[in-house]
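S.K.: Let's see this in three dimensions:
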Amino acid sequence: MRGWLVVAAVTLAAPVRAETPAEHAAKLFEQGRDLAAHNDYKRAYEVFSQSYELDRAVGTELNLADCLDHLNQPVKAIELYQDAAKQLDAIGKAPQAKFARERIDALAARVATIVIELKPQLPETTVSIGGHDVAAAPTIREHVDPGSVEVVVAAPGARGFSKTVTATAGGTETMTISLAAVEAPATLGARDPKRVWIGLGLGAAGGVSLVASLVTILVARSDYNNATQSCLFGVCPQPALDDIRHAQHLSDVSTGLFVGGIALAAAGGIVWYTAPREHVTVVPTATPTSAGVMVFGRF
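M.R.: All right, here's what the predicted structure looks like:
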């Protein structure tokens with residue numbers, strides 16, 4: 001009998017080693033170099049930035065600065081070159097540090113400068129230049145990239161300042177900014193109390209006169225009705241005639257009271273309505289050491 005020996009070979013695949021952050025950063029660095037070689041500095045900057053987040057290598061920082069140089073952002077490029085020069089000096093790479101400083105000198109001529117004079121500097125003043133917050137000071141000097149730069153200055157209780165200037169390479173844009181307090185619109189205060197009381201008095205007198213008019217006319221009508229009851233076929237006795245005359249007199253008095261009441265009430269309303277009001281103006285104020293409001297009033 002012939003036997004067969006079957007041998008099964010089992011091959012175990014070796015586990016795939018995960019890529020380290022430094023290795024991934026190196027790949028991104030090479031991608032960035034390739035993009036920069038094809039003058040795609042915008043995408044190169046993005047890729048170099050990703051690489052720099054994984055591995056803060058000084059070579060990557062130099063390439064980031066070079067991209068910003070080509071993208072006409074000299075201010076940020078100078079900052080990166082300065083940091084790279086310090087690191088290169090620390091590790092004893094003088095030629096590379098010299099190159100970084102030469103790039104700084106070349107870029108300095110392309111930087112624009114904004115100078116702001118704050119007169120006065122109000123409490124809690126905020127300053128923004130080109131979208132970046134800057135510490136408020138009597139004199140502010142800020143380096144910016146060439147192009148349109150928006151300057152915004154604000155303070156509580158003051159009318160804000162906003163202006164867009166065109167910064168030129170190597171040039172200086174100087175501006176003096178004085179924040180003016182915002183004057184609130186005048187508001188109407190209370191009416192002149194003396195005139196108010198006169199108006200109320202006239203109105204009250206008019207009301208009393210109208211009530212008296214009503215009472216008088218009611219009495220007159222009652223007296224008239226009672227007097228006419230004793231009359232027969234249009235002939236009234238003397239006492240009834242006297243009562244009728246008295247009722248007519250009361251009716252005339254009632255009419256006078258009514259007219260007088262209306263006049264007094266109208267006069268009272270006019271006096272009250274035309275009473276001068278106190279004009280109150282609230283103005284925010286600020287000094288280098290305090291802030292508050294000033295209230296002005298006049299009749």
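S.K.: C-alpha only now, for contacts and for neighbours.
M.R.: OK.
S.K.: Could you look up the SS state of Ile198?
M.R.: helix (DSSP: H, G, I helix; E, B strand; the rest coil).
S.K.: That one - how many residues pack around it?
M.R.: 17 (other C-alpha atoms under 10 Å).
S.K.: Kindly export the one helix or strand Glu53 maps to (C-alpha atoms) in PDB.
M.R.: According to DSSP states H and E, Glu53 maps onto helix 41-54. What follows is helix 41-54, C-alpha atoms only, in PDB (Å, rounded to 0.1, in the frame of the first residue of the first chain):
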ATOM      1  CA  TYR A  41       1.000  77.800  -2.900                       C
ATOM      2  CA  LYS A  42      -2.500  78.000  -1.500                       C
ATOM      3  CA  ARG A  43      -3.000  74.300  -1.400                       C
ATOM      4  CA  ALA A  44       0.600  73.800  -0.400                       C
ATOM      5  CA  TYR A  45       0.100  76.000   2.600                       C
ATOM      6  CA  GLU A  46      -2.900  73.900   3.700                       C
ATOM      7  CA  VAL A  47      -1.000  70.700   3.400                       C
ATOM      8  CA  PHE A  48       2.100  72.000   5.200                       C
ATOM      9  CA  SER A  49      -0.200  73.300   8.000                       C
ATOM     10  CA  GLN A  50      -1.600  69.700   8.400                       C
ATOM     11  CA  SER A  51       1.900  68.400   8.500                       C
ATOM     12  CA  TYR A  52       3.000  71.000  11.000                       C
ATOM     13  CA  GLU A  53       0.100  70.100  13.300                       C
ATOM     14  CA  LEU A  54       1.400  66.500  13.500                       C
END
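S.K.: what mean pLDDT would you report for the next helix or strand after that helix?
M.R.: Next in sequence after helix 41-54, counting helices and strands by DSSP H and E, comes helix 58-70. The average pLDDT for helix 58-70 rounds to 95.
S.K.: Distance from whatever helix or strand comes next after helix 58-70 to the middle of the chain?
M.R.: Following the chain from helix 58-70 toward its C-terminal end, the next helix or strand by DSSP H and E is helix 74-90. Offset of helix 74-90 from its chain centre (C-alpha atoms, centre = their mean, to the nearest Å): 39 Å.
S.K.: buried ones in the next helix or strand after helix 74-90?
M.R.: Using DSSP H and E, the next helix or strand after helix 74-90 towards the C-terminus is helix 94-108. Neighbour-count burial for helix 94-108 flags Gln96, Ala97, Ala100, Arg101, Arg103, Ile104, Leu107 (criterion: 16 or more other C-alpha atoms under 10 Å).
S.K.: go on, stretch 120-140?
M.R.: Here stretch 120-140 shows Pro120, Gln121, Leu122, Pro123, Thr125, Thr126, Val127, Ser128, Ile129, Gly130, Ala136, Ala137 as buried, counting by 16+ other C-alpha under 10 Å.
S.K.: Any chance of those in TSV with secondary structure, distance to Leu54 and pLDDT as columns?
M.R.: Listed next are the buried residues of stretch 120-140 as TSV, based on DSSP: H, G, I helix; E, B strand; the rest coil; distance: C-alpha to C-alpha, whole Å; pLDDT from 0 to 100:
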residue	secondary structure	distance to Leu54	pLDDT
Pro120	coil	46	77
Gln121	coil	43	75
Leu122	coil	44	80
Pro123	coil	42	83
Thr125	coil	39	89
Thr126	strand	35	91
Val127	strand	34	93
Ser128	strand	32	94
Ile129	strand	31	93
Gly130	coil	29	91
Ala136	coil	36	89
Ala137	coil	38	90
